[in-house]
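Participant: sequence? don't have it. structure:
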């Protein structure tokens, strides 16, 4: 079995599989080349936060907080925006820079997986493992449905930390530094999820590294210290944050892991969750086949140093998946896990940490199968599995897009970061006896639970009201409770100014209120947006 799993020996020649893998992953990145932007749950927040960084200038206390409450553990870290700003310095547009970081997450994850698995699985097995990871449904949903910039980059960095741990076994002097740097980058990307990753990485390292456990602990400790040092000014300046999402309401039902349905909705409590939570038929199927094959091998063919990492991968991936399921809900009420849940927004985020282990198991099945098959048959099998992995991902590569180009910042953020006013334009004179038309674009960041009424008031310089319109969006055809998170809703409102009003100095007040209670949605410290004061 040692020969089967070690596969091809590394030579001095260029490994063509790197190039093949790069071309295959570019297929998965293809939707990022669509004109305009991906219409994901995050809306234009990644772009707005990038522009905010440019406006304020980077300091050690800067955090992406446009349209988001600050949350040190569950919120995004500064790293993806700093990388995007480097691209901006090279002349890239804001949209192109954000897309490039999304693409970097996909590419880095696939290439890191290949580097991690190449010595153990051989080139073909490692390439399939990398492709399974790049095409993994959870990762694609993180990018194309949630639009989670930091978490996409996080999933791209994670295999590099595992590659570093693998290299420690060969006592390479740079490996401990690579582990430390990778962990620090994870912390600077998404700190709370990185703490969970640190536990998983440490468990993997200690269970698989018999000769380098001390170096494993040293590298992990250095990474934690380096990551904490980078975020220390942010912690001291802002303090901890708080999530408004009820963690215990978002556990995964077992059927959701392999559900064929692919939705674009947000995660909601209960089994009717419209957000896709699949781990993928290909990843799970090949991983299960690998475990079955490994367990049925004759003892004479088993080599403990080769089999142990695969069993560890199987155990860690199973544990992470089980912690996200409804069955584990009682465990999360225990004191230790109850405190640890404060570092995550959703329990299903742990599925992201299981991805590399499932992918490695998938590649190991190919390596074991190729070791038993004839050379020609092995090539056919490998090519068929590569094609299957790509074809299985195609239904997930159809994100919603929009050609709308946002400005440098939203005009207003309404509610508790519930809704953005992207822009507002007034057509017609703001004069007595005339009718003005206000055209706006809204973008919801969260589901709006009730049908809000839009109000537009025309006021003079003394704040006396001379005209108004109160209406449901799009004349009642599209109420706010039906708005989809991340979509752009365009609407127009007509306001006729009373002919008896003063001749000049009018402006419009715009806002939303609950028609049942009359309570207005907050706009920062106010309850309205002031538009177009004209002399």
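Facilitator: Ah, there it is. No experiment lies behind these values; they were computed from the predicted model shown. Residues are numbered from 1 along each chain as shown.

Participant: List the contacts of the residue lying closest to residue 442 once chain neighbours are set aside.
Facilitator: Leaving aside its chain neighbours, residue 442 sits nearest to residue 489 (4.5 Å; criterion: CB to CB, 6 or more residues apart in numbering). Yep, even glycine has a C-beta here, placed from its N, CA and C like the rest. By CB atoms under 8 Å, 6 or more residues apart in numbering, the residues touching residue 489 are 441, 442, 443, 444, 473, 474, 478, 483.

Participant: Pick out the residue closest to the middle of the chain.
Facilitator: When CA atoms, centre = their mean is applied to the chain, the residue found nearest the centroid is residue 148 (2.8 Å).

Participant: Quickly find the element holding the closest residue to that one other than its chain neighbours.
Facilitator: The shortest distance from residue 148 to any non-neighbouring residue, by CB to CB, 6+ apart, is to residue 142 (5.1 Å). Assessed by DSSP states H and E, residue 142 sits inside helix 137-144.

Participant: Which neighbouring elements make contact with that helix?
Facilitator: Using 3 or more CB pairs under 8 Å, 6 or more residues apart in numbering; DSSP states H and E, the elements in contact with helix 137-144 are helix 94-134, helix 149-168, helix 350-372.

Participant: Now do it: everything it contacts.
Facilitator: 28, 31, 38, 40, 102, 105-106, 109, 133, 148, 151-152, 155, 262, 275-280, 351-352, 355, 393, 396-397, 399.

Participant: now those residues: which count as buried?
Facilitator: Buried positions within the contacts of helix 137-144, assessed by neighbour count (16 or more other CB atoms under 10 Å), are 28, 31, 38, 40, 102, 105-106, 109, 133, 148, 151-152, 155, 262, 275-280, 351-352, 355, 393, 396, 399.

Participant: Neighbours of the residue nearest to residue 148, how many?
Facilitator: Residue neighbour count, defined by other CB atoms under 10 Å, stands at 25 for residue 142.

Participant: go on, residue 530?
Facilitator: Neighbour count for residue 530, taken as other CB under 10 Å: 14.

Participant: which SS class is it?
Facilitator: Following DSSP: H, G, I helix; E, B strand; the rest coil, the label given to residue 530 is strand.

Participant: If I look at it, what pLDDT would I see?
Facilitator: Residue 530 is assigned 93 on the pLDDT scale.

Participant: That one pairs with what?
Facilitator: residue 509 (DSSP bridges).

Participant: That one touches residue 509, doesn't it?
Facilitator: Yes: when contacts are counted by CB atoms under 8 Å, residue 530 is listed as touching residue 509 (6.1 Å).

Participant: okay, residue 414: pLDDT?
Facilitator: With respect to pLDDT, residue 414 has a value of 94.

Participant: ok, it to residue 320 distance?
Facilitator: According to CB to CB, to the nearest Å, residue 414 stands 37 Å off from residue 320.

Participant: These two - which one has more neighbours?
Facilitator: Neighbours were counted for residue 414 and for residue 320 using other CB under 10 Å; residue 414 has more, 26 against 20.

Participant: my read: that one touches residue 520, true?
Facilitator: No: using CB under 8 Å, residue 414 is not in contact with residue 520, being 9.4 Å away.

Participant: which neighbours do those two share?
Facilitator: 511, 512.

Participant: confidence score at residue 128?
Facilitator: Confidence at residue 128, expressed as pLDDT, is 95.

Participant: Contacts only, for it.
Facilitator: 362, 363, 366, 382, 385, 386, 389.

Participant: where in the stretch 301-450 of the chain is pLDDT low?
Facilitator: Applying pLDDT under 70 to the stretch 301-450 of the chain flags the ranges 301-306, 371-376.

Participant: show me where it has helices.
Facilitator: With DSSP state H, counting those that start in this stretch as the criterion, the stretch 301-450 of the chain has helices at 304-324, 335-340, 350-372, 375-393.

Participant: Quick one: distance of the longest one to the chain centre.
Facilitator: Spelled out, it's helix 350-372. Between the mean C-alpha location of helix 350-372 and the chain-wide mean there is a distance of 22 Å, by CA atoms, centre = their mean, to the nearest Å.

Participant: just the last one next, same as before
Facilitator: For helix 375-393, the gap between its own C-alpha mean and the chain's C-alpha mean amounts to 29 Å (CA atoms, centre = their mean).

Participant: The shortest one now?
Facilitator: In terms of CA atoms, centre = their mean, the centre of helix 335-340 is found 24 Å from the chain centre.

Participant: So what touches that helix?
Facilitator: Outside helix 335-340, the residues within contact range by CB under 8 Å, 6+ apart are 195, 196, 331, 332.
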